[in-house]
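A.B. asks: Sequence isn't available, so here's the structure alone:
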């Protein structure tokens with residue numbers, strides 16, 4: 001019986017930890033509100049939310065960091081290819 005109770009407590013603790021990631025951080029109620037024209041465009045193109053959750057912020061930040069790193073890597077590779085190995089002239 002006590003193992004069942006511990007399992008239930010662990011499950012509720014896990015649910016509480018996950019629910020803290022899904023509660024909105026803050027609400028932006030200004031011109032960028034999701035119901036405004038600008039907010040609607042931002043939501044349509046970029047998935048903007050006027051009340052983002054910590055999970056949304058983490059995923060968006062991770063996505064942006066990967067994209068920036070890939071962009072910088074490709075850019076450096078293209079720059080190295082453009083300059084190429086310089087032939088030594090006597």
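C.D. replies: That came through, no problem. This one's a predicted model, so the numbers in the text were calculated from it and none came from an experiment.

A.B. asks: Check what pLDDT residue 67 gets.
C.D. replies: pLDDT, residue 67: 95.

A.B. asks: Kindly apply the preceding question to residue 62 instead.
C.D. replies: Value for residue 62, per-residue pLDDT: 95.

A.B. asks: I'd like to know how many residues surround it.
C.D. replies: 10 (other C-beta atoms under 10 Å). Placement of C-beta: from N, CA and C, glycine included.

A.B. asks: how far away is it from residue 19?
C.D. replies: 21 Å (C-beta to C-beta, to the nearest Å).

A.B. asks: worst-scoring helix or strand of the chain, pLDDT-wise?
C.D. replies: Least confident helix or strand, the chain: helix 2-22 with a mean of 62, by mean pLDDT, DSSP states H and E.

A.B. asks: Break the protein into its domains for me.
C.D. replies: Using automatic domain parsing, the domain ranges for the chain come out as 22-52, 53-83.

A.B. asks: Of these, flag the one that's most buried.
C.D. replies: domain 22-52 (a mean of 13; mean count of other C-beta atoms under 10 Å).

A.B. asks: what distance separates the start and the end of it?
C.D. replies: Start-to-end span of domain 22-52 (C-alpha to C-alpha, to the nearest Å) is 9 Å.

A.B. asks: One more: stretch 47-55?
C.D. replies: End-to-end distance (C-alpha to C-alpha), stretch 47-55: 14 Å.

A.B. asks: any idea of the mean pLDDT for it?
C.D. replies: pLDDT averaged over stretch 47-55 gives 83.

A.B. asks: Now residue 42: closest residue in space, sequence neighbours ignored.
C.D. replies: Nearest residue to residue 42 in three dimensions, chain neighbours excluded: residue 48, at 3.6 Å (C-beta to C-beta, 6 or more residues apart in numbering).
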